[in-house]
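Peer 1: starting from these lines, generate the structure:
(2 chains)
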Amino acid sequence: MKGVIHPVETARARWEREVLEPALAKAPERQGPFTTISGRAIDRLYTAADVAGVDSASDIGHPGEYPYVRGIHPTGYRGKLWTMRQFAGFGTPEETNQRYKDLIAAGGTGLSVAFDLPTLMGRDPDHPLCLGEVGKCGVNITSLADMERLFDGIPLADITTSMTINSPAPMIFAMYLVVAEKQGADWTKISGTIQNDILKEFIAQKEYIFPPRPSMRLITDIFAFCAREVPKWNTISVSGYHIREAGSTSLQELAFTLRDGLEYVRYGVDAGLDVDDFVPRISFFFNSHSDFFEEIAKYRAARKLWADAMRHRFGAKNPRSWQLRFHTQTAGVSLTAQQPYNNVVRTALQALAAVLGGTNSLHTNSLDEALALPTKETATIALRTQQIIAHESGVTNVVDPLGGSYFVETLTRDMEEGTLKYWETIDRMGGMVEAIELGYPQKEVAEASYQFQQAVERREKIIVGVNDFVQADEKPIEILYIDDTTADTQLARLADLRRTRDNDRVRRALDGLRQAARGRDNTMPPLLECVRAYATVGEMCDALREVWGEYEEVPVI
Amino acid sequence: MSQKIRVVIAKPGLDGHDRGAKVIARALRDAGMEVIYTGLRQTPEQIVSAALQEDADVIGLSILSGAHMHICPRVVELLKEKGLDDVQVVVGGIIPDQDVPKLNALGIKGIFIPGTPMQEIVDFINGNARARV
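Peer 2: Numbering: from 1, shown residues only, chains lettered A, B, ... in the order given. This is a model prediction of the structure:
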C-alpha cells in the first residue's frame, strides 16, 4: 500500500492483528453498550491518533493562561485547595444558623444557603400556596429580621457566602448587604455569590416569577450595582446543575449553561456595561454526575469555551474575564433511596471527578438525600469525603493530572465541538431568551431525560440497588424529619412584624420600587430601602408582580 | 374493547422539579393510558377540578418538597366532597417511611419513591384504577 501511514496507526494495526483479535476470539467483550451515562459511544482504546489534530501548545496550553483548559491557577491545588462549601438550610433561621456554626467548626470554609420554596418563589408564609412548604426544603426568610437571625454571630466580613436564590435574588442580596452593614462590614470587601440565574429556571428548575425580559433586567441591574458598590461579589452563578438534574446529558448541560452565560453578557453589554467591568464577577455552577471521564472533560472544555467566547465573541481584554470559575455539586439525582450507604461511594467518585476537572469549590451530597434533607451526621460524612480527597488521595499534588490523556483530551475536544453546534442552533433562534420562549432547551432536556429512564428500564444502564443487586430486606435509616413548628413560628413572626414596623415607611419604599420597575432606574437602591423598612420578600415580589406580571409556562412532556 | 384509563398527573405546591412528573406522564401514555399533565403549582382544588373535568380514573401527584402530608389529605377530602371517591390517588416523590401508613390510611395505596421502575407504576394503575363502564 502506498502513501504515508502515521506510525502510531501502524503500531495500532499491528496490535489489533497480533494481540487484540486473538484475545477477542478467545474471550469476546461484554455485551455493552459501551456508552457514557449521556449515551455517547466510547471506543475500546484511545491513542495518539485520536488527538493528532489537537495542538498541545495552543489547544491545551498550560494552567493559569489562555485557553485555561488545564485550570485557571498556575499552581492548581498546590496553591489553594477548593472551597469546601456545603449547601445547607432548613426550618427556622436559628436552626440553620446552628448548622452553619457546626459546619464551620468541622472545617467547612464557606457557607451556602438553601432557602425554602416560599422564599424561592417570593411568597410570604401566609400565602395559600405555601401550605406545608415553610422551612421544608431550606430555611425560611421572610424579612430582614430573619436574615439577622440567620447570620447571628457569623462575621460576614470574614466568610464568603453563596446564596441559592434566583427570582428573589435582588431582595435576598439586599438583605445580606444590610446585615453586613449592621455588622460594620465594608461592602467593598465582602464576597460571596448569589445564584441569580433565571435562564436555567425557565429551562429546568422552574422557580421563576416574572417573565424572561424583566427578569433579565433585574440581573443587569445587579451587575451594574455591584460593579460600583460591591466589587468582589459574584453577581451570578450560571448553573448547569439544575439542567443536568432535570435530565439533560453532560453535553447539553455544558452547552446550555455556557450559552446562558453568553446571554447574560450580551444583556449586560446591551445595558451599557463594559465587558471587563462585570464579566470577571460571573461564575458558574456545574453538576458532577456518575460518568467519571465525561465529567472531567466537561469542566476542561468549559474553561476553553468560555475563554474563547469572552476573548473573541465579546472582545474582553482582561484575563479575569476569560477565566471560568466554577462551583460543583455532586449529582443529587444519582443518589438512590435504596441501600443509601452506597451513596457515599457515588458521591466520593463524583467529587473526585470535579477535583480532577479543577473545580474552584465543591458541595458533596449526603447519603440520605434521596430520602430527606441531611442529618448533622450525614452532612459531616459528606464534608469528610472532600477532606479525604484533599488530604489523603494525593490528587492535589499535581495540576490537571489527566491532561494529555488520549481519552480525556478526545472527550474534551468532542465536548467543545458539540457545544459549538448547540450554540449555532440557539444563535439561529436569536439567543437563549428566544430559544426558551420557543421551548427548545426544555424539549431537549425532556427528551434526554426520557431516553435515560428508558435505558434504565431496559437495564442498559445499571443503577446498583435499583435495577440490579437489589436487596429485599433493607432496614430504614434515621432521617431528618421537619415538622410544622417552623411554619407556626414564621407565621407568628410575620404577624408580629406587620404590627410593629413602620408601615408608612414600608408603603413608601414599595412605591419607590414600583416606580423604578416601571422606569429604567436601577432597582437595587429602592430594594435596599424596602429591606431596611422590613418589607417582606412577598411584598417586594408582589410589588414587581403588579408591574411585570407572572410567567406561566406551556409544559413540554 | 375497553376504554383507556384516564390519568391526571399533577405537580402541587410550590416546587418546580418536574422531571419525575413528565417522565411518568410519558411512560403512562406509552403504556396506552390517556394522560393529562396539569403543569406546575396546582392547588388541591385545581387538581380535583381537573380530575372532574377530565373524567379521570387516577390522579398522580408528584411531590418532592415534603408538603405531601398537607396536600394529599386535602386532595382526598375534596374528591369525597365531589363524590369522586372512586378516583384512585397515587403519589410519587420523596416520601419518608413514617408517612406511608398515614397515607395508606387515607386510602392512598400507590406510593412510589425514587428508583421505582416505571413498569411497577403502570402495573399498579392497571390493577387498581376504577373500572370503566
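
Peer 1: helix or strand: which one has the residue lying closest to A:Ala348 once chain neighbours are set aside?
Peer 2: Nearest non-adjacent residue to A:Ala348, counting by Cβ to Cβ, 6 or more residues apart in numbering or on different chains: A:Thr385, 5.1 Å away. C-beta coordinates here come from the backbone N, C-alpha and C atoms, glycine included. Following DSSP states H and E, one finds A:Thr385 within helix A:376-391.

Peer 1: can you give me phi and psi for the closest residue to A:Thr83 other than its chain neighbours?
Peer 2: Excluding its sequence neighbours, the residue lying closest to A:Thr83 (Cβ to Cβ, 6+ apart) is A:Ser361, at 3.7 Å. Main-chain dihedrals, A:Ser361, degrees, to the nearest 10: phi -150, psi 160.

Peer 1: how many other residues sit next to the closest residue to A:Val398 other than its chain neighbours?
Peer 2: The spatially closest residue to A:Val398, leaving aside those adjacent along the chain, is A:Gly76, at 6.9 Å (Cβ to Cβ, 6+ apart). Using other Cβ atoms under 10 Å in any protein chain shown, A:Gly76 has 22 neighbouring residues.

Peer 1: please see if the helix or strand hosting B:Ser62 touches chain A.
Peer 2: Assessed by DSSP H and E, B:Ser62 sits inside strand B:58-63. No - judged by Cβ under 8 Å from any Cβ of the partner chain, strand B:58-63 makes no contact with chain A; its nearest approach is 9.2 Å.

Peer 1: ok, residues contacting that strand?
Peer 2: The set of residues external to strand B:58-63 that reach it, using Cβ atoms under 8 Å, 6 or more residues apart in numbering or on different chains, is B:5-13, B:15, B:18, B:20-21, B:24, B:28, B:47-48, B:51, B:68, B:71-72, B:75, B:79, B:87-95, B:125, B:129.

Peer 1: what ranges does the stretch 251-400 of chain A have for its strands?
Peer 2: For the stretch 251-400 of chain A, the strands defined by DSSP state E, counting those that start in this stretch occupy A:282-288, A:326-330, A:361-363.

Peer 1: partners of the shortest one in the sheet?
Peer 2: According to DSSP bridges, strand A:361-363 has the following sheet partners: strand A:83-88 (parallel), strand A:326-330 (parallel).

Peer 1: by mean pLDDT, show me the worst of those.
Peer 2: Mean pLDDT is lowest for strand A:83-88 among these, at a mean of 89.

Peer 1: residues in contact with the residue in the stretch 351-500 of chain A that chain B sits nearest to?
Peer 2: Going by Cβ to the nearest Cβ, chain B is nearest to A:Val466 of the stretch 351-500 of chain A, at 4.3 Å. Applying Cβ under 8 Å, 6+ apart to A:Val466 gives the contacts A:336, A:338, A:456, B:115.

Peer 1: of all those residues, which two lie farthest apart?
Peer 2: Across the contacts of A:Val466, the longest distance by Cβ to Cβ is 13.0 Å; it joins A:Gln338 and A:Val456.

Peer 1: so which of those two has more stuff around it?
Peer 2: Of the pair A:Gln338 and A:Val456, A:Gln338 is the one with more neighbours under other Cβ under 10 Å, namely 20 against 17.

Peer 1: ok, back up a step: highest mean neighbour count out of the strands paired with strand A:361-363?
Peer 2: The highest mean neighbour count among these, using mean count of other Cβ atoms under 10 Å in any protein chain shown, belongs to strand A:326-330: a mean of 28.

Peer 1: just checking, A:Asp444 touches A:Ala255?
Peer 2: One thing to correct before we go on: residue A:444 is Glu, not Asp. No - using Cβ atoms under 8 Å, A:Glu444 is not in contact with A:Ala255, being 9.3 Å away.

Peer 1: list the contacts for the closest residue to A:Pro211 other than its chain neighbours?
Peer 2: Closest residue to A:Pro211 apart from its sequence neighbours, by Cβ to Cβ, 6+ apart: A:Tyr551 at 4.6 Å. A:Tyr551 sits next to A:202, A:208-212, A:215 when contact means Cβ under 8 Å, 6+ apart.

Peer 1: what's the closest of those to A:Asp276?
Peer 2: A:Ser215 (24.6 Å).

Peer 1: quick check: B:Val90 is in a strand.
Peer 2: Yes - judged by DSSP: H, G, I helix; E, B strand; the rest coil, B:Val90 forms part of a strand.

Peer 1: can you report how many residues lie near A:Asp55?
Peer 2: Quick note: A:Asp55 (other Cβ under 10 Å) scores 9 neighbours.

Peer 1: wait, isn't A:Met175 in contact with A:Leu150?
Peer 2: No - contact criterion Cβ under 8 Å: A:Met175 and A:Leu150 do not qualify, at 9.1 Å.

Peer 1: would you mind listing what in chain B touches chain A?
Peer 2: Counting by Cβ under 8 Å from any Cβ, the residues of chain B close to chain A are B:13-19, B:22-23, B:25-27, B:29, B:37, B:39-41, B:43, B:65-71, B:74, B:94, B:96-98, B:113-115, B:117-119.

Peer 1: any of those buried? List them.
Peer 2: Neighbour-count burial (16 or more other Cβ atoms under 10 Å in any protein chain shown) is assigned, among the residues of chain B next to chain A, to B:13-19, B:22-23, B:25-27, B:29, B:37, B:39-41, B:43, B:65-71, B:74, B:94, B:96, B:113-115, B:117-118.

Peer 1: re earlier: sitting in helices, which of the contacts of strand B:58-63 do you find?
Peer 2: Mapping the contacts of strand B:58-63 onto helices (DSSP state H) picks out B:20-21, B:24, B:28, B:47-48, B:51, B:68, B:71-72, B:75, B:79, B:125.

Peer 1: the closest residue to chain B within the stretch 201-350 of chain A: how many residues sit nearby?
Peer 2: Scanning the stretch 201-350 of chain A for the residue nearest chain B gives A:Lys206, at 2.7 Å (criterion: Cβ to the nearest Cβ). Counted by other Cβ under 10 Å, the residues lying close to A:Lys206 total 23.
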